[in-house]
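Asks: Turn this into a model:
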Amino acid sequence: MKITWITPRHPPERGGMAESSGRIVNSLKDRGHAVNVILFNSTFAMRPHDDNSSAEDYAELFWRRRAEMDGSVLVGFGGGVEGYLATLWAKWLNRKSVVMFRGNDFERGVHDARRGWLTHFILNEADVVCAVSSEMAARARALRKNGPVFHTPNGIASGDWVYLESDRINAGKWKAENLPDDRS
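Replies: Residues are numbered from 1 along each chain as shown. Just a heads-up that it's a prediction; the model follows:
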């Protein structure tokens, strides 16, 4: 499958969203999919959440990258501008869209009186919506008129990890130094 992955954070940037984006893209590539990453900050020298971004910037991005997006599924990794653009551009290209909401994208977006329309546009127009918790998926389903909402955990399988004795010792030292005696 050909996938256009639209994200505001991706390696070599650091942080949880960048690491998740890199991990998912690498996993898709390992499974044989062709993934084209559109990264707002390096590819287009802008951040989609900055007030300095304009409609002209997004229009230019679409026309400049249209040919490489054509024929692909557009994935918005995040429920802000990236999810909005994946949904919008997929409609224009007669393609499918998937938007992957993270906690803050949905929680802040749906309650923001100025930008909430982005969240509602995505919920109403994206072909597939994903949410990182089952509770968020249920709330998204309550607002979505049609189409599937999937719970796609974005975490680690805790059963695959074990605490080392040094972890327990260091945690005990930290607690003793930083927490009052009545807290644990």
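Asks: next one: the helix or strand that contains Thr4 to chain centre, how far?
Replies: According to DSSP states H and E, Thr4 maps onto strand 2-7. In terms of C-alpha atoms, centre = their mean, to the nearest Å, the centre of strand 2-7 is found 11 Å from the chain centre.
Asks: mind listing what Thr119 touches?
Replies: Applying C-beta atoms under 8 Å, 6 or more residues apart in numbering to Thr119 gives the contacts 79, 105-106, 109-110, 112. (C-beta placed from N, C-alpha, C; glycine too.)
Asks: Out of those, the closest to Met136 would be?
Replies: Lowest distance from Met136 to the contacts of Thr119 (C-beta to C-beta) belongs to Phe106, with 5.5 Å.
Asks: for the strand holding Thr4, packing partners?
Replies: helix 16-30, strand 34-39, strand 73-77, helix 81-93 (3 or more C-beta pairs under 8 Å, 6 or more residues apart in numbering; DSSP states H and E).
Asks: Not counting that strand itself, show me its contacts.
Replies: Here strand 2-7 has contacts from 17, 21, 24-25, 28, 33-40, 68-69, 71-78, 82, 85-86, using C-beta under 8 Å, 6+ apart.
Asks: Which residue ranges of the chain form helices?
Replies: 16-30, 40-43, 55-69, 81-93, 103-111, 116-125, 134-143, 165-178 (DSSP state H).
Asks: any idea which of those scores lowest on pLDDT?
Replies: Lowest mean pLDDT within the helices of the chain: helix 40-43, a mean of 54.
Asks: which of the helices of the chain is buried the deepest?
Replies: Compared across the helices of the chain, helix 81-93 shows the largest average neighbour count, a mean of 23 (mean count of other C-beta atoms under 10 Å).
Asks: What is it packed up against?
Replies: With 3+ C-beta pairs under 8 Å, 6+ apart as the test, helix 81-93 has strand 2-7, helix 55-69, strand 73-77, strand 97-101, helix 116-125 packed against it.
Asks: Including distance to Ala138, could these go into TSV?
Replies: Below are the helices and strands packed on helix 81-93 laid out as TSV (distance: least, C-beta to C-beta, whole Å):
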stretch	distance to Ala138
strand 2-7	25
helix 55-69	31
strand 73-77	21
strand 97-101	12
helix 116-125	13
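Asks: quick one, which of the ones you listed is nearest to Thr152?
Replies: It's strand 97-101; of these, that one is closest to Thr152 (C-beta to C-beta) at 6.7 Å.
Asks: quick one: average confidence on that closest one?
Replies: Per-residue scores along strand 97-101 average to 95.
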